[in-house]
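Student: Using only what follows, build the 3D model:
(chains A and B)
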Amino acid sequence: TQLLEQSPQFLSIQEGENLTVYCNSSSVFSSLQWYRQEPGEGPVLLVTVVTGGEVKKLKRLTFQFGDARKDSSLHITAAQPGDTGLYLCAGEGLDMRFGAGTRLTVKP
Amino acid sequence: NAGVMQNPRHLVRRRGQEARLRCSPMKGHSHVYWYRQLPEEGLKFMVYLQKENIIDESGMPKERFSAEFPKEGPSILRIQQVVRGDSAAYFCASSLKANTEAFFGQGTRLTVV
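Tutor: The predicted model follows:
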């Protein structure tokens, strides 16, 4: 049973397009983190969201934590090839178990 | 402040040999997590350790695999009598607080021939 459901599993878009990926659960989290893993590297922490309804921006990336703190979304504006990677979410309290991830490919 | 250090980066073992993967957490971090990743797949949780204690090993196979995080020195993931199916990238991460905001090493890529 996957405690964190991420969708879509795969996403391939052209440079300049916008996209949103999702992380959903039936559990409530005190915080949730997003990570990005580039090919051949370890995942890198992008952001932690803590408050229900919270929105955090990191340049072209916008992270939102659901009001009920069960889900989160990541929106990327004007995607670039450098955004290519595996996007993972993790909820606090799950012994650092991750969702299966969204594998994003941005084509030039 | 050095990040999480894993070594070796690449490890080749023949079937039946032992593989020892090392992970030095970030300074001050006492929580360590190990993951396995196959190509084009996500991170599969294996084990969570906190100095000298195994907190959660539910993701680790009961046979041939073991992990430790001694009071002094790095965390070790040990795979005995390796088989071809053990070939994967193994990542470790550490955190300051339990279960949140982990920082990852660059992984050890194990190839069993």
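Student: Single out the residue in chain A that lies closest to chain B.
Tutor: In chain A, the residue found nearest to chain B is residue A:42; the distance is 3.4 Å by C-beta to the nearest C-beta. C-beta: built from backbone N, CA, C; applies to glycine.
Student: dump the residue contacts of the residue nearest to residue B:7 when sequence neighbours are not counted.
Tutor: Residue nearest to residue B:7 in three dimensions, not counting chain neighbours: residue B:22, with 5.2 Å by C-beta to C-beta, 6 or more residues apart in numbering or on different chains. Residues touching residue B:22, when contacts are defined by C-beta atoms under 8 Å, 6 or more residues apart in numbering or on different chains, comprise B:6, B:7, B:8, B:74, B:75, B:76.
Student: what about residue B:99, which SS state?
Tutor: The three-state label for residue B:99, taken from DSSP: H, G, I helix; E, B strand; the rest coil, comes out as coil.
Student: and it, how many neighbours does it have?
Tutor: By other C-beta atoms under 10 Å in any protein chain shown, the residues close to residue B:99 number 21.
Student: In this structure it contacts residue B:33, no?
Tutor: No - in this structure, residue B:99 sits apart from residue B:33 without contact. The criterion is C-beta atoms under 8 Å, and the distance is 9.0 Å.
Student: what's the overlap in contacts for these two?
Tutor: Common contact partners of residue B:99 and residue B:33 (C-beta under 8 Å, 6+ apart): A:95, A:96.
Student: Pull up the residues of chain B that are close to chain A.
Tutor: Within chain B, the residues that sit near chain A (C-beta under 8 Å from any C-beta of the partner chain) are B:4, B:33, B:35, B:40-43, B:45, B:48, B:55-56, B:59, B:91, B:93, B:95, B:99-107.
Student: Please, which helix or strand holds the residue most central in space within chain B?
Tutor: For chain B, the residue whose C-alpha lies nearest the mean C-alpha position (C-alpha atoms, centre = their mean) is residue B:34; its distance is 3.8 Å. Secondary-structure element containing residue B:34, defined by DSSP states H and E: strand B:31-37.
Student: Outside of the following helix or strand past that strand itself, list whatever touches it.
Tutor: Under the assignment DSSP H and E, the closest C-terminal helix or strand after strand B:31-37 is strand B:44-50. Strand B:44-50 is contacted from outside by A:95-98, B:30-37, B:54-57, B:59-60, B:65, B:67-69, B:75, B:77, B:98, using C-beta under 8 Å, 6+ apart.
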